[in-house]
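Asker: A structural model of the following input is requested.
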Amino acid sequence: MKALYAALDTFATEAKQRKSQQQFSLLLAVGQKYILRELRAYYSTLQDEEEDRRANIARLEGTFKRPVSAAVCRQLNAFRRNGMTGEILVRNLTDLRIEHGLDQHGTLDRDHITKSEEQPHIICTEALV
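Answerer: Below you'll find the model as predicted:
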């Protein structure tokens, strides 16, 4: 009986850690990682006088850090394949943000997950006997 409670405690601890990791980790697609890296590189090349461009890049970075739809991911992958960088990338990302309405409702929301989907499950088999 002690072994069962020890296994249950271990499971509960691991489930809590995994849930915490899922909530705070960014699961980004390859295209998202690429554009975020390029945006940061372009941001670092801008002069201090270009505050409006810096603000736009910061807004784009915040928008594309969140989960996005499959259609947006396809576009981001196309940007990566074409090697877009700098101002051209910023213009295309701004157009994409407007086209898909990502500032309002275009990002995927994790709040729609029900409690039953969120809870970890224990699966027992006879093989453990």
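Asker: Quick check: the gap between I98 and R59.
Answerer: As judged by CB to CB, to the nearest Å, I98 and R59 stand 12 Å apart. Where you see a C-beta, it was placed from the backbone N, CA and C, and this is true even at glycine.
Asker: the more surrounded of the two?
Answerer: Regarding I98 and R59, a neighbour count based on other CB atoms under 10 Å identifies R59 as having more, with 14 against 10.
Asker: What residues does the more buried one make contact with?
Answerer: By CB atoms under 8 Å, 6 or more residues apart in numbering, R59 lies in contact with D103.
Asker: and stretch 41-51, which residues are buried?
Answerer: 42-43 (16 or more other CB atoms under 10 Å).
Asker: Regarding it, how distant is the last residue from the first?
Answerer: One end of stretch 41-51 to the other measures 16 Å (CA to CA, to the nearest Å).
Asker: so where's the chain shaky on pLDDT?
Answerer: 21-26, 104-129 (pLDDT under 70).
Asker: Would you tell me which helix is longest in the chain?
Answerer: Criterion DSSP state H: the longest helix present in the chain is helix 2-24.
Asker: which residues of the chain fall in strands?
Answerer: Counting by DSSP state E, the chain forms no strands at all.
Asker: which residues in it form helices?
Answerer: 2-24, 30-45, 51-65, 70-81, 86-100, 115-118.
Asker: CA atoms only for the longest helix of the chain, dumped as CSV, please.
Answerer: Presented in CSV, the C-alpha positions along helix 2-24 are these (Å, rounded to 0.1, in the frame of the first residue of the first chain):
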residue,chain,number,x,y,z
LYS,A,2,2.9,2.3,0.8
ALA,A,3,4.3,1.8,-2.7
LEU,A,4,0.9,2.8,-4.2
TYR,A,5,0.9,6.0,-2.3
ALA,A,6,4.5,6.7,-3.1
ALA,A,7,3.7,6.2,-6.8
LEU,A,8,0.7,8.5,-6.5
ASP,A,9,2.7,11.2,-4.9
THR,A,10,5.4,10.9,-7.6
PHE,A,11,2.8,11.1,-10.3
ALA,A,12,1.1,14.2,-8.7
THR,A,13,4.5,15.9,-8.4
GLU,A,14,5.4,15.2,-12.0
ALA,A,15,1.9,16.2,-13.3
LYS,A,16,2.2,19.5,-11.5
GLN,A,17,5.6,20.2,-12.9
ARG,A,18,4.5,19.3,-16.5
LYS,A,19,1.4,21.5,-16.2
SER,A,20,3.6,24.4,-15.0
GLN,A,21,6.0,23.9,-17.9
GLN,A,22,3.2,23.8,-20.4
GLN,A,23,1.7,27.0,-19.1
PHE,A,24,5.0,29.0,-19.2
